[in-house]
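Q: what follows is a predicted structure for the sequence shown.
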Amino acid sequence: MKIVVTADLHVEFAKPKQVEKVVAEMSEVRPDLLVLAGDVGRGPHEWETGLKMLEAVPATQRAVLVGNHDLWMMNWQYVRTSTNIFRERLPELARRRGWIWLEDETIRVGRTAVVGTV
């Protein structure tokens with residue numbers, strides 16, 4: 001099983017060419033599992049943008065965790081708290097896009113398990 005793990009994408013700061021390079025390198029591996037381990041972007045919109053960027057990697061399965069930056073409330077138009085974003089909004093976005101939410105799911109392949117939490 002080929003597993004690729006990356007973290008700290010920070011789409012709010014990443015340059016498109018940098019992301020393209022990372023996606024190309026991960027794509028060469030053709031992973032069975034891609035794990036995005038937090039600090040994708042500030043808040044739900046940037047977080048979903050990060051998921052979309054990495055969906056270009058031809059992985060059989062994709063799993064995601066959150067980091068502290070993903071839960072920051074930078075735009076006060078949201079009526080949600082960081083707790084609501086963590087428990088409701090981000091899991092909903094992940095699942096809708098076909099990602100496994102590692103905060104409450106475990107991936108098992110043979111004798112290998114992948115688990116995680118913020």
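A: Alright, I've got the coordinates. Residues are numbered from 1 along each chain as shown.
Q: burial of residue 25, as a residue count?
A: 12 (other Cβ atoms under 10 Å). (Each C-beta comes from the backbone N, C-alpha and C, glycine too.)
Q: three-state assignment of it?
A: At residue 25 the chain is in helix, as set by DSSP: H, G, I helix; E, B strand; the rest coil.
Q: same check on residue 5?
A: Under three-state DSSP, residue 5 comes out as strand.
Q: what's the weakest-modelled helix or strand in the chain?
A: helix 82-84 (a mean of 83; mean pLDDT, DSSP states H and E).
Q: over to the nearest residue to residue 117 once chain neighbours are set aside: give its phi and psi.
A: Spatial nearest neighbour of residue 117, chain neighbours left out: residue 103 (5.8 Å); criterion: Cβ to Cβ, 6 or more residues apart in numbering. Main-chain dihedrals, residue 103, degrees, to the nearest 10: phi -70, psi -30.
Q: any regions of this protein where pLDDT drops low?
A: Scanning the chain for pLDDT under 70 picks out 73-80.
Q: which parts of it are strands?
A: All strands of the chain, identified by DSSP state E, fall at 3-6, 33-37, 61-65, 100-101, 107-109, 112-114.
Q: need those in JSON lines with distance to residue 54 and mean neighbour count, can you?
A: Listed next are the strands of the chain as JSON lines, based on distance: least, Cβ to Cβ, whole Å; neighbours: other Cβ atoms under 10 Å:
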{"stretch": "strand 3-6", "distance to residue 54": "8", "mean neighbour count": "17"}
{"stretch": "strand 33-37", "distance to residue 54": "6", "mean neighbour count": "22"}
{"stretch": "strand 61-65", "distance to residue 54": "7", "mean neighbour count": "22"}
{"stretch": "strand 100-101", "distance to residue 54": "13", "mean neighbour count": "18"}
{"stretch": "strand 107-109", "distance to residue 54": "16", "mean neighbour count": "13"}
{"stretch": "strand 112-114", "distance to residue 54": "16", "mean neighbour count": "12"}
